[in-house]
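S.K.: Just a sequence and a predicted model for now, questions to come.
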Amino acid sequence: MDFSELRTAVEEAELVDAHAHNLVAVDSSFPFIKAFSEADGAALSHAPHSLSFKRSLKEVAELYGCEKSLEAVEEHRRVAGVEAISSRCFEAARISALLIDDGLKLDKMYGIDWHKSAAPVVGRILRIESLAEQILDEELLGGSSWTLDVFTETFVGKLKSYPFSYLIFGLKSIAAYRSGLEISTHVNRKDVEEGLSEVQQAGKPVRISNKSFIDYIFTRSLEVAVLFDLPMQIHTGFGDKDLDLRLSNPLHLREVLEDKRFSKSRIVLLHASYLFSKEASYLASVYPQVYLDFGLAIPKLSVHGMISSLKELLELAPIKKVMFSTDGYAFPETFYLGAKKAREVVFSVLHEACADGDLSIPEAIEAAKDIFSQNAVQFYKIDLAVRSFGLANSVSSNFVKVKSNDSENHVSFVRVFWADASGQQRCRVVPAKRFNDVVTKNGIGLTFACMGMTSFTDGPADETNLTGVGEIRLMPDLSTKWRIPWVEQEEMVLANMHLKPGEAWEYCPRETLQRVSKILKDEFNLEMNAGFENEFFLLKSTLRDGKEEWVPFDSTPYCSPSSYDAASPLFHKVIAALQSLNITVEQLHAESGKGQFEMALGHTACLHAADNLIYTREVIRAIARKHGLLATFMPKYALDEIGSGAHVHLSLWQNGKNVFMASGGSSQHGMSKVGEEFMAGVLYHLPAVLAFTAPIPNSYDRIQPNTWSGAYKCWGKENREAPLRTACPPGIQSGLVSNFEIKSFDGCANPHLGLAAILAAGIDGLRRQLCLPKPIDTNPSSLEGELQRLPKSLSESLEALKEDDLFKDFIGEKLLVAIKGVRKAEIDYYDKHKDAYKQLIHRY
């Protein structure tokens, strides 16, 4: 089933945001952290530890190109100013109509007219409780108190005048915040008068919370709404702690919905009524006047929560009754996030509905248009000149992962992936039904020899202590299961290696990285993030003297536009595939080699970064094959060509903050004390680390002086000849560094083992509080004799590993023996077969 048309429809869909609030000035006292949470007070300090906060902050930082920390984003906002960030966010969000409830009063908020640059159509939603409070705050002549009759005449009179005096598209009630949704449409007059008296006695500014008076205001307002055929928005479900969640269940609205006076009303339940989405879906299915809006639930919930909530709304509710909004407020970032995540979630849900057989592709495309704009256009009677947006301005590219329960008719096979000690990626393929029925519980049988294989033969090396005797279980990690984007009816998943289900095998690379990461977390409360730069060649097949040869597909120089142009059809598919796997691509360009490219991935937690690297290699190779090309990541596919690396950028994080970077400007090198100690440990152990990150003899044909690959044991600030380079990317304050790069990492390395070795070295630096030597600010080759040369061969790095006792405890003695055995076998084989490296283009 081809979902490309659906994806395009979702990306290009017109957005009508019918539930939003005013923006505020950058120097407003309303804290920016509230963009990511409904919490207040002490509870707000815990907000950065929620899934939605972490995800949303990352996406805003990526939009701005700044460090992924709250402080960095706030500094960017302060420097850029509200006009610039608003322009950036709304351009990305691509909202065509904006309906603002200005009843949410915030410090230094802008008026509705200020927002007209944000969207072609800007209108107002009138909050009825705010109007009532505004009236009661006014003084009557003679200083007398408001009577119910005088108040009613004034309140209803203003309601009736607004549709003609300002562009009002609807009314809104926040009764759920004040007294709950169990609204009586026949409230006793005496109770209302007592409620009005209570409100006035409480003093000014007025805040209405008396239930009888709230019910009365709501009933009078709904009568006017019916008279003028205006919609009524009703807050339902979750919000800040002002509301009693038990009373925000929309089922409490039964008396309102059953009242014959309001049978022709048009009521929209806001916030997806979360946690009562199913109840809201039911009401929309049986009451003609009930419609649904999923703003706030998207993007404030986790990915699973957003998808589940929208699914629940669509379980019973007609699609024509479900509407998008952002519930954006105060900060333009909330509009951007609401739009971005809505596109992703709607695509995910409609994708699954098609896969399940609920919808056809054309029906899903129509549904997307309805949900994003057409339902709201008709519901709020918006005169909207629909514009078309090109894909170049697409706000949403990282589509939400589809967690489907597709039947075997839709998913035929599942590929179960692992990477071995030689860095080769391998897979077993099983029918989907067997995967679901058997493999998820019991795994796949695999020989012990799998972790002793080399790059030149599919058999265990002699000194690995691994043979064809013994069997493990490949246990799929279901959190890594994805639809394969380059082929239909297949999924893929990464596996851990267990002796039996639940008992990890000590040779497993993924388990090793997780174990070492846990040491860093337990001892220092730190997490390492990693982001890889993938360098690779695209080769094409030619016949020479009747023999097949693989040659570069073009001969253009570094950053050549024509090179990218020639490969752009392939890269469009590669990027789309990676986006469907939720893998962030930061940039790509033609590299210095003929037919060589580099693709930089966004940074993430090190386990995810390693997993993403495996999938990225698969995507690039697979799509290249479909274009008749061969993509190779090997370090030196031709000895007279530029080499290819997998440079990795590393940073340390604590409680969601980058702590590799210095704070307070007190650092000599722009990095924190823990950052320096960690990096010093990596530098100290780098010769042995190379046995993990540069694992074949061909790796050392790449690591040569004057090739930007890092041939000497040193570090430098933005020195691309140093193997360790501190980096200050755009958006980072001058003088500070946000990460450091290791250049001596290549495409033959098992990324889990490579990162585990780096982590071990860094932890040793933290334990011993190591210090960095002086940075090298010139080409290290000009200092030959003063600097130690890094291993010139795999033999030298293997010897360094044998002499370094650190890794036995971290990597594990048995796995270390296997790695050393594989490396020794590589050395022996390629020493005897000088041209054998040429076949590695088919393995890496």
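M.R.: Sure thing, it's come through.

S.K.: Which other helices and strands does the least confident helix or strand in the chain by mean pLDDT contact?
M.R.: Ranked by mean pLDDT, DSSP states H and E, the weakest helix or strand in the chain is helix 148-165, scoring a mean of 79. The contact analysis (3 or more C-beta pairs under 8 Å, 6 or more residues apart in numbering; DSSP states H and E) places helix 148-165 against helix 128-137, helix 189-201, helix 211-228. Glycine gets a C-beta too; all of them are placed from N, C-alpha and C.

S.K.: check contacts around Ser265.
M.R.: 222, 225-226, 232, 289 (C-beta atoms under 8 Å, 6 or more residues apart in numbering).

S.K.: Need the residues that contact the least confident helix or strand of the chain.
M.R.: Helix 148-165 is contacted from outside by 126, 128, 131-132, 135-136, 140, 168, 171, 189, 192-193, 196, 217, 220-221, 224, 227-228, 230, using C-beta under 8 Å, 6+ apart.

S.K.: go on, stretch 196-203?
M.R.: For stretch 196-203, the surrounding residues in contact (C-beta under 8 Å, 6+ apart) are 136, 145-148, 151, 206-210, 213.

S.K.: now the residues you listed in CSV, with distance to Val346 and neighbour count?
M.R.: Below are the contacts of stretch 196-203 laid out as CSV (distance: C-beta to C-beta, whole Å; neighbours: other C-beta atoms under 10 Å):
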residue, distance to Val346, neighbour count
Leu136, 41, 22
Ser145, 51, 12
Trp146, 46, 20
Thr147, 50, 13
Leu148, 46, 17
Phe151, 43, 24
Val206, 40, 17
Arg207, 37, 12
Ile208, 36, 23
Ser209, 36, 15
Asn210, 40, 19
Phe213, 39, 27
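
S.K.: Nearest to Ala530 among those?
M.R.: Of all these, the one sitting nearest Ala530 is Arg207; the distance, using C-beta to C-beta, is 50.5 Å.

S.K.: Hmm, that closest one is touching Leu136, no?
M.R.: No. Applying C-beta atoms under 8 Å as the test, Arg207 and Leu136 come out as separate, 9.7 Å apart.

S.K.: Output stretch 328-340 as PDB, restricted to C-alpha atoms.
M.R.: C-alpha atoms of stretch 328-340 as PDB (Å, rounded to 0.1, in the frame of the first residue of the first chain):
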ATOM      1  CA  GLY A 328      -1.300  27.800  21.200                       C
ATOM      2  CA  TYR A 329      -0.700  30.500  23.800                       C
ATOM      3  CA  ALA A 330       1.800  33.100  24.900                       C
ATOM      4  CA  PHE A 331       4.600  31.700  22.900                       C
ATOM      5  CA  PRO A 332       4.800  31.200  19.100                       C
ATOM      6  CA  GLU A 333       6.600  27.900  19.800                       C
ATOM      7  CA  THR A 334       3.300  26.400  21.100                       C
ATOM      8  CA  PHE A 335       1.700  27.000  17.700                       C
ATOM      9  CA  TYR A 336       4.600  25.500  15.800                       C
ATOM     10  CA  LEU A 337       4.600  22.400  18.100                       C
ATOM     11  CA  GLY A 338       0.800  22.000  17.800                       C
ATOM     12  CA  ALA A 339       0.900  22.200  14.000                       C
ATOM     13  CA  LYS A 340       4.000  19.900  13.700                       C
END
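
S.K.: Could you check that stretch and say which residues are buried?
M.R.: Of the residues in stretch 328-340, 328-340 count as buried by neighbour count, 16 or more other C-beta atoms under 10 Å.

S.K.: Now do the same contact list for Val585.
M.R.: Residues counted as contacts of Val585 (C-beta under 8 Å, 6+ apart) are 575, 578-579, 599-602.

S.K.: helix, strand or coil for the nearest residue to Lys341 once chain neighbours are set aside?
M.R.: Counting by C-beta to C-beta, 6 or more residues apart in numbering, Pro299 is the residue found nearest to Lys341 once chain neighbours are left out, at 3.8 Å. Secondary structure for Pro299, judged by DSSP: H, G, I helix; E, B strand; the rest coil, is helix.

S.K.: State the number of residues packed around Pro299.
M.R.: If you count neighbours by other C-beta atoms under 10 Å, Pro299 ends up with 27.

S.K.: Next up, the contacts around it.
M.R.: Contacts of Pro299 (C-beta under 8 Å, 6+ apart): 52, 56, 306, 337-338, 340-342.

S.K.: and if we set it to 7 Å?
M.R.: 52, 56, 306, 337-338, 341 (C-beta atoms under 7 Å, 6 or more residues apart in numbering).

S.K.: Make JSON lines from the residues you listed and add secondary structure and distance to Ala72 to it.
M.R.: Converted to JSON lines, those look like this (DSSP: H, G, I helix; E, B strand; the rest coil; distance: C-beta to C-beta, whole Å):
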{"residue": "Ser52", "secondary structure": "helix", "distance to Ala72": "19"}
{"residue": "Ser56", "secondary structure": "helix", "distance to Ala72": "14"}
{"residue": "Met306", "secondary structure": "helix", "distance to Ala72": "26"}
{"residue": "Leu337", "secondary structure": "helix", "distance to Ala72": "17"}
{"residue": "Gly338", "secondary structure": "helix", "distance to Ala72": "22"}
{"residue": "Lys341", "secondary structure": "helix", "distance to Ala72": "21"}
